[in-house]
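Q: what follows is a predicted protein model with its sequence.
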Amino acid sequence: TGPQGLTHMGSEWRKSVSFAQIGVTVNQMLDVYKIATDVNRREFLLKLLEIDRNWCTCELSDGQLRRIQIMLGLLQPFELLLLDEITVDLDCYMRTELLQFLKQETERGATIIYATHIFDGLEDWSSQIARLCEGELTMYTPNDIIKPRTGTLVSPLYLTVVEWIKQELEKKKKKSK
């Protein structure tokens with residue numbers, strides 16, 4: 001979490017949930033956030049992410065800890081949400097549920113920037129696609145550049161990204177010659 005209206009969640013969760021080794025319950029964590037939290041939003045997130053209030057953090061899997069991190073990060077409504085590989089520890093069901101919730105958040109006017117290497121199920125999720133190459137923004141375009149493909153079960157977005165990576169590797173090879 002950062003300045004008002006801005007939330008960031010990424011791989012730092014092992015630090016932000018560092019008390020996991022100590023062993024606190026979800027209820028104890030929520031007590032810390034009680035004053036500034038909308039009770040309805042908190043209860044909705046607990047249900048959405050299937051979090052048990054009695055879970056003790058020292059007994060949880062990485063996926064369960066990740067769900068707690070996500071819940072804590074989403075307790076406050078945001079205007080801008082920066083996500084960096086936030087769904088890597090989630091199973092496909094929980095990831096889908098979270099992405100549906102985040103899509104609803106954009107419908108209320110929030111902006112979400114989601115950096116990921118997991119492209120399944122994202123074709124209809126995003127409105128814009130940004131492509132970074134060696135730290136530089138090389139493309140920012142509407143999602144409609146991703147075209148449906150026939151004869152494959154593989155995600156069209158995934159196949160498009162594979163093509164981009166191949167192009168980048170070919171450019172690097174030419175430069176190195």
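A: Alright, I've got the coordinates.
Q: can you map out the strands along this structure?
A: Listed in chain order, the strands of the chain (DSSP state E) span 6-9, 80-84, 111-115, 128-133, 136-142.
Q: which residue is the nearest non-sequential neighbour of Tyr114?
A: Counting by CB to CB, 6 or more residues apart in numbering, the nearest residue to Tyr114 once its immediate chain neighbours are dropped is Leu83, at 4.5 Å. Bear in mind the C-beta positions are built from the backbone N, C-alpha and C, glycine included.
Q: what is the neighbour count of that neighbour?
A: The local packing count at Leu83 equals 19, with neighbours defined by other CB atoms under 10 Å.
Q: for it, give me its contacts.
A: When the contact criterion is CB atoms under 8 Å, 6 or more residues apart in numbering, the partners of Leu83 are His8, Met9, Gly10, Ile112, Ile113, Tyr114, Ala115, Thr116.
Q: one more time with 10 Å, if that's ok
A: Shown here is Leu83, whose contacts under the criterion CB atoms under 10 Å, 6 or more residues apart in numbering are 7-10, 70, 73, 98, 102, 112-116.
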